[in-house]
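> with the sequence up front, the predicted model follows.
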Amino acid sequence: MTVSQNSGLNKKDTSRRRRETRESEAMKTKSAKVLPKTAGEIQNGGVYVQRVRCGKANCKCAGEGERHTAFYFFTRRRGKLVKLYVRKAHVEVFAGMVAQANGERQRRRQTIKASADLLREFRADLCGNAKLISDLRGNQNDK
């Protein structure tokens with residue numbers, strides 16, 4: 001008796017499972033490499049220009065020639081730097097989305113800072129008026 005007969009799986013079942021596993025792994029990789037569609041999906045990062053070689057043998061960039069301009073979105077996901085290609089046709093729109101996301105993040109930081117400052121002032125006022133508060137509590141207990 002062979003091992004495959006003992007397990008009850010035939011070759012078609014195992015090859016199908018392997019294929020499904022490969023496809024699901026490919027989907028995980030694909031989804032991680034997709035550009036954000038809205039400014040709300042952008043947590044951090046920016047659009048940067050890089051000079052690259054295309055890899056074609058007859059191109060002007062082959063060897064020591066002038067390189068092509070390419071646009072990339074750099075961001076961090078789970079602590080790792082991720083580089084995503086941005087098509088030239090989408091650079092302006094995507095750069096606008098990144099600027100909008102950065103502006104929203106900056107406004108959020110300012111709001112948090114202002115809230116913390118107000119809370120600090122409120123606590124200081126409470127500490128400064130501790131006698132007044134204790135007097136008010138004493139009056140409430142008398143009633």
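Nice, I can see it.
> helices along the chain, start to end?
With helices called from DSSP state H, the chain shows them at 3-7, 11-32, 91-128, 130-142.
> average pLDDT for the second one?
Averaged across helix 11-32, the pLDDT comes to 63.
> picking that back up, lowest-confidence stretch among the helices of the chain?
Among the helices of the chain, helix 3-7 scores lowest, with a mean of 48.
> contacts for stretch 74-92?
Contact with stretch 74-92 is made by 32-35, 42-48, 70-73, 94, as judged by Cβ atoms under 8 Å, 6 or more residues apart in numbering. (Each C-beta comes from the backbone N, C-alpha and C, glycine too.)
> one step back: just name the most buried of the helices of the chain.
helix 91-128 (a mean of 12; mean count of other Cβ atoms under 10 Å).
> how far is that one from where the chain is centred?
Centroid displacement of helix 91-128 relative to its chain, using Cα atoms, centre = their mean, to the nearest Å, is 19 Å.
> OK, contacts around the most centrally placed residue in the chain?
The centroid of the chain falls nearest to residue 43 when counting by Cα atoms, centre = their mean (4.3 Å). Residue 43 is in contact with 75, 76, 101, counting by Cβ under 8 Å, 6+ apart.
> which strand residues bridge the second one?
Right, the one you point to is residue 76. The partner list for residue 76 in beta bridges (DSSP bridges) reads residue 81.
> model confidence for it, exactly?
85.
> count the neighbours of the residue lying closest to residue 72 once chain neighbours are set aside for me.
Spatial nearest neighbour of residue 72, chain neighbours left out: residue 83 (5.2 Å); criterion: Cβ to Cβ, 6 or more residues apart in numbering. As a burial measure, residue 83 scores 12 neighbours (other Cβ atoms under 10 Å).
> if we can go back for a sec, quick one: closest of the helices of the chain to residue 54.
helix 91-128 (17.5 Å; Cβ to Cβ).
> still on that earlier bit, could you export the contacts of residue 43 to a markdown table, including columns for distance to residue 124?
Listed next are those as a markdown table, based on distance: Cβ to Cβ, whole Å:
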| residue | distance to residue 124 |
| --- | --- |
| 75 | 40 |
| 76 | 37 |
| 101 | 35 |
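> residue 63 versus residue 77, what's the distance?
35 Å (Cβ to Cβ, to the nearest Å).
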